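In: below: sequence and its predicted model.
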Amino acid sequence: MARQPRLNLPGVPQHVIQRGNNREVCFFEEQDYKVYLSKLEEYSQKLKVSVHAYVLMTNHVHLLMTPKTSDGVSRLMQSLGRYYVRYINHKYERTGTLWEGRYKSTLIDSA
C-alpha cells in the first residue's frame, strides 16, 4: 500500500508527533534532550521552519511548527531524525531504529 502524501502548506502551522519505536524511550538522559533541541534549532533556521512550541517526553515528541516552504517540515524531520538516531545509536552502543514509523502531522487552523 502506498504512503499517503502529506499536506504541507507554507505558512500553515503543523502539530507534529513522533513516537519512540514500540513506545520505548528516546531520551535517556538530560544531554540527549539538549542535543535534540540544539539540532532542532539548527535545522529550523537552515530550512526556514518556525518552531513555536515543543514538548519532549521520554518516549515521544510534540512540535508546533510553521514552514516557509512546502517541504520544510519534512526536510527538518528527516534531517533531525537522521542525526539524532546516529547520535543515540553511537552513544548507547545500540543499532536499529529509534522512531516508530513516520512522524504524524496535522495542519492547525490559526484563524
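Out: Thanks, I have the structure now. Since the structure is predicted, the reported quantities are computational estimates derived from the model, not experimental observations.

In: where does His62 land in three-state SS?
Out: strand (DSSP: H, G, I helix; E, B strand; the rest coil).

In: that's a helix at Gly81, yeah?
Out: Yes. According to three-state DSSP, Gly81 belongs to a helix.

In: which parts of stretch 8-22 are buried?
Out: For stretch 8-22, the neighbour count (16 or more other CB atoms under 10 Å) marks Asn8, Pro13, Gln14, Val16, Gln18, Arg19, Gly20 as buried. All C-beta spots, glycine's among them, are computed from the backbone N, C-alpha and C.

In: which one of the residues you listed is nearest Arg102?
Out: Gln18 (8.5 Å; CB to CB).

In: that closest one contacts Met57, correct?
Out: No. Counting by CB atoms under 8 Å, Gln18 stays clear of Met57, with 10.5 Å between them.

In: that older thread, out of the buried residues of stretch 8-22, who's nearest Tyr83?
Out: Gln18 (13.5 Å).

In: the closest one: what secondary structure?
Out: Applying three-state DSSP: Gln18 is strand.

In: can you pull the contacts of it?
Out: The contact partners of Gln18, taken as CB atoms under 8 Å, 6 or more residues apart in numbering, are His60, Val61, Leu63, Met77, Gly81, Trp99, Glu100, Tyr103, Lys104.

In: distance of the closest residue to the second one other than its chain neighbours relative to Glu93?
Out: Leaving aside its sequence neighbours, Val61 sits nearest to Gln18 (CB to CB, 6 or more residues apart in numbering; 4.9 Å). Spatial separation of Gln18 from Glu93 under the definition CB to CB, to the nearest Å is 23 Å.
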